[in-house]
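K.L.:
Would you be able to build a 3D model of this:
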Amino acid sequence: MRRALAYGSLALGCSGLRGDAPRDHGEPPTGEGTSPSASGGTSGDTSSGAFGGALSGAPGASAASGESAALGGAGTGDSAAGGADSTVSGASGGEALGGAPAGEGIELELSAIAANGSIGLEWKRVPGALGYRVYWTTEEPLSLATADLLETEAPGIVHRGLVNGMTYRYVVRVVTAEGEGPVSTEITATPTGEWVLEQLGTGDFVDIVTGERVPRVPIEKRVHVMLLPEGYLASDLSTFHGEVHDVQDPENDVDRWLAEVFAIEPYSLFREAFVVWYLPRASSAHVGEGATAFGIGVSNGGISNVRSAAAPLFAAIDGAGADAFPYPPATPAVNHVAAFLVLDVTRSPARAGYSGVTTQLSNPNAPGQRIPVAFAQGHAHEFTHAFAGLRDEYLEDDITVTATTETSNVVSTNACSALPWAHLLAGAGIHDVPELVGAFGRPERGYHSELLCLMNGTHENGKYWCADAEAQLSLRPWGRMCNFCREVTAFRVLEATGILPREDGFEQWKSEYRAAFYDRFGFQVPTPVPQRVSCPGEESRPIYEPCAE
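P.N.:
Okay, here's the model as predicted:
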């Protein structure tokens, strides 16, 4: 029996873009965006030896929700393109194979998702489990004595580097303090198609109110994130995603995207809600040099001509043809979001880049079906525009804000009682940290809750806070959302997965979930308070803008 490097569950998703999300600039500096968060939840994509961390039933434990390395060596197989008809079937029984005793305990029901060069496997979480062992082979019959082994602390795993058209056989056993449980029913799956399954969220993320786990959300109702390459030639696809998958030390653009997004809350807290896919589709030319896979353009270092991507995008996710997406969106789309990674060949080495933008793309063949889409770099920032509908918190001259909705992070009033984040003002009940949450901004540009936030940036901020009107003042910490943005994004996770209804769901959030969210995951307090700005030619200084009584 051989033990192979295995990757457990993780991923991402959408509830639809709410409000406008203007063009954005900037990207995380190298090495940033992966620092632990201030509250008690998981932070980032963790790896640990299988069964070496916390029990998998512990809410918020990284061992339960991160990616788990097996107790062995390298991954198996090489990734392959091409495809065949998907085959997923179960065999009767569940009895011990190869002479291994079935023993007492819970027999797991194993299910499989076949994709391009990859197979997702999942089963019901067992409370108190130390981990799970997945036995697999391409030979018939499957024997535990000779099968290969994958180990994971999460109740799901992505088996990678497989050959399309080849049949793979699997069983799984839970591992407890008493040993291995009975063998599951054997299941077979055949990798196929064009879409690669990158991360498989198990669907049983932490219940905010109880601290237990929600009843497992069916995979078709989890948030599906689709990562798409634009301007990558066939020879560039290894830059998009190569044979090595490693979000701890990412070497390709997909892994960089995952590392950046899931390093911050609340994505790190609810990673089991997200399923991530990528499409390894080559372009015939680099962006700006000829025809590309989705027809996106660039101008002055920024993304342009995004509407041309609508038709090929919806053709790729309509569930039909050789590129059939396994879980196509409904109309209206409620739990799908796309992110385009656009190769910038001016970088050395070339990788995803360009100034980003977020919008919604409409299906030209299905009126009423729209998908929120993020383009280019600043991955967590742009993705949060698309997923949570949060706005840029810039004091930008061409932005005029009229929003007053309770889920908007930028509003047109600075009146304390009218702020959507009034519950986060010091002494309002959540915390007693003075000079942190207020109304930063100007009447014509809008107000937001904290000076520094993932959703902030540069542009004309320096014009408003510095003596130098030409200053480009960066107010974006790459590893932290402000508290109100964290809250709204967490709400969108529950809304997108159907835990909260799309109609009046925020009323239920306020009455049942808001206090529990801050009690369970904490109110994040940055250092220092008050937060500071650094104007060119000046020493940094604290700045706080209170709301108006």
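K.L.:
Could you pull out the strands in the stretch 201-350 of the chain for me?
P.N.:
223-230, 274-278, 297-299, 302-304, 336-344 (DSSP state E, counting those that start in this stretch).
K.L.:
Tell me which of these sits most buried.
P.N.:
strand 274-278 (a mean of 28; mean count of other Cβ atoms under 10 Å). Any C-beta I mention is one placed from the backbone N, CA and C, and that applies to glycine too.
K.L.:
By residue count, what's the longest helix in the chain?
P.N.:
helix 483-496 (DSSP state H).
K.L.:
and the angle from that helix to strand 336-344?
P.N.:
Note on geometry: by axes from the mean of the first three to the mean of the last three Cα atoms, to 10 degrees, helix 483-496 and strand 336-344 are set 120 degrees apart in direction.
K.L.:
List the buried residues of helix 483-496.
P.N.:
By 16 or more other Cβ atoms under 10 Å, the buried positions in helix 483-496 come out as 483-496.
K.L.:
now for these, which pair is the farthest apart?
P.N.:
Spanning the widest gap among those are Asn483 and Ala496, at 20.6 Å by Cβ to Cβ.
K.L.:
picking that back up, select, out of the strands of the stretch 201-350 of the chain, the one closest to Asn461.
P.N.:
Ranking the strands of the stretch 201-350 of the chain by proximity to Asn461 (Cβ to Cβ) places strand 302-304 first, at 18.2 Å.
K.L.:
gap between the closest one and the chain center?
P.N.:
On the basis of Cα atoms, centre = their mean, to the nearest Å, strand 302-304 sits 23 Å off its chain's mean C-alpha point.
K.L.:
circling back: I'd like the strands of the stretch 201-350 of the chain laid out as JSON lines, including distance to Ala145.
P.N.:
Converted to JSON lines, those look like this (distance: least, Cβ to Cβ, whole Å):
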{"stretch": "strand 223-230", "distance to Ala145": "38"}
{"stretch": "strand 274-278", "distance to Ala145": "34"}
{"stretch": "strand 297-299", "distance to Ala145": "56"}
{"stretch": "strand 302-304", "distance to Ala145": "54"}
{"stretch": "strand 336-344", "distance to Ala145": "43"}
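K.L.:
Just tell me which of the ones you listed ends up closest to Val172.
P.N.:
Proximity to Val172 (Cβ to Cβ) singles out strand 274-278 among these, at 19.1 Å.
K.L.:
Enumerate every residue touching the residue nearest to Tyr513 when sequence neighbours are not counted.
P.N.:
Leaving aside its chain neighbours, Tyr513 sits nearest to Ile208 (5.1 Å; criterion: Cβ to Cβ, 6 or more residues apart in numbering). By Cβ atoms under 8 Å, 6 or more residues apart in numbering, the contact list for Ile208 reads Ala490, Leu494, Tyr513, Ala516, Phe517, Arg520, Phe521.
K.L.:
could you say what helices and strands the longest helix of the chain packs with?
P.N.:
Taking 3 or more Cβ pairs under 8 Å, 6 or more residues apart in numbering; DSSP states H and E as contact, the helices and strands that helix 483-496 lies on are helix 379-388, helix 505-508, helix 514-521.
K.L.:
repeat that with 10 Å
P.N.:
Judged by 3 or more Cβ pairs under 10 Å, 6 or more residues apart in numbering; DSSP states H and E, the packing partners of helix 483-496 are strand 223-230, helix 379-388, helix 505-508, helix 514-521.
K.L.:
quick one: which of the ones you listed is nearest Glu539?
P.N.:
Set against Glu539 and scored by Cβ to Cβ, the helices and strands packed on helix 483-496 come closest in helix 379-388, at 27.7 Å.
K.L.:
care to break this protein down by domain?
P.N.:
Using automatic domain parsing, the domain parsing of the chain gives 223-388, 416-480+524-542.
K.L.:
Mean neighbour count, those domains: which tops it?
P.N.:
Of all the domains of the chain, domain 223-388 carries the top mean neighbour count, a mean of 21, counting by mean count of other Cβ under 10 Å.
K.L.:
Do me a favour and get the end-to-end distance for that one?
P.N.:
Terminal residues of domain 223-388 are spaced 12 Å apart (Cα to Cα, to the nearest Å).
K.L.:
How far away from the center of its chain is that domain?
P.N.:
Using Cα atoms, centre = their mean, the offset of domain 223-388 from its chain centre is 12 Å.
K.L.:
With stretch 383-397 instead?
P.N.:
That offset, for stretch 383-397, works out to 17 Å (Cα atoms, centre = their mean).
K.L.:
From the opening residue of that stretch to its closing one, how far?
P.N.:
23 Å.
K.L.:
where does the stretch 1-150 of the chain have low pLDDT?
P.N.:
Scanning the stretch 1-150 of the chain for pLDDT under 70 picks out the ranges 1-105.
K.L.:
Can you classify Val134 by secondary structure?
P.N.:
Assigned by DSSP: H, G, I helix; E, B strand; the rest coil, the conformation of Val134 is strand.
K.L.:
List just the one of the helices and strands packed on helix 483-496 that sits closest to Val261.
P.N.:
helix 379-388 (4.8 Å).
K.L.:
What mean pLDDT does the helix or strand following the closest one get?
P.N.:
Going down the chain from helix 379-388, the next helix or strand is strand 440-442, by DSSP states H and E. Predicted confidence along strand 440-442 averages 94 (mean pLDDT).
K.L.:
and after strand 440-442, which helix or strand comes next?
P.N.:
strand 446-448.
K.L.:
Packing partners of that next one?
P.N.:
strand 440-442.
K.L.:
And the strand it packs on, how far out from the chain middle?
P.N.:
Counting by Cα atoms, centre = their mean, strand 440-442 comes out at 30 Å from the chain centroid.
K.L.:
Could you list every helix and strand that that strand packs against?
P.N.:
Against strand 440-442 (3+ Cβ pairs under 10 Å, 6+ apart) you get strand 446-448, helix 461-465.
K.L.:
from the middle of its chain, how far away would stretch 190-205 be?
P.N.:
Chain-centre distance of stretch 190-205: 13 Å, with Cα atoms, centre = their mean.
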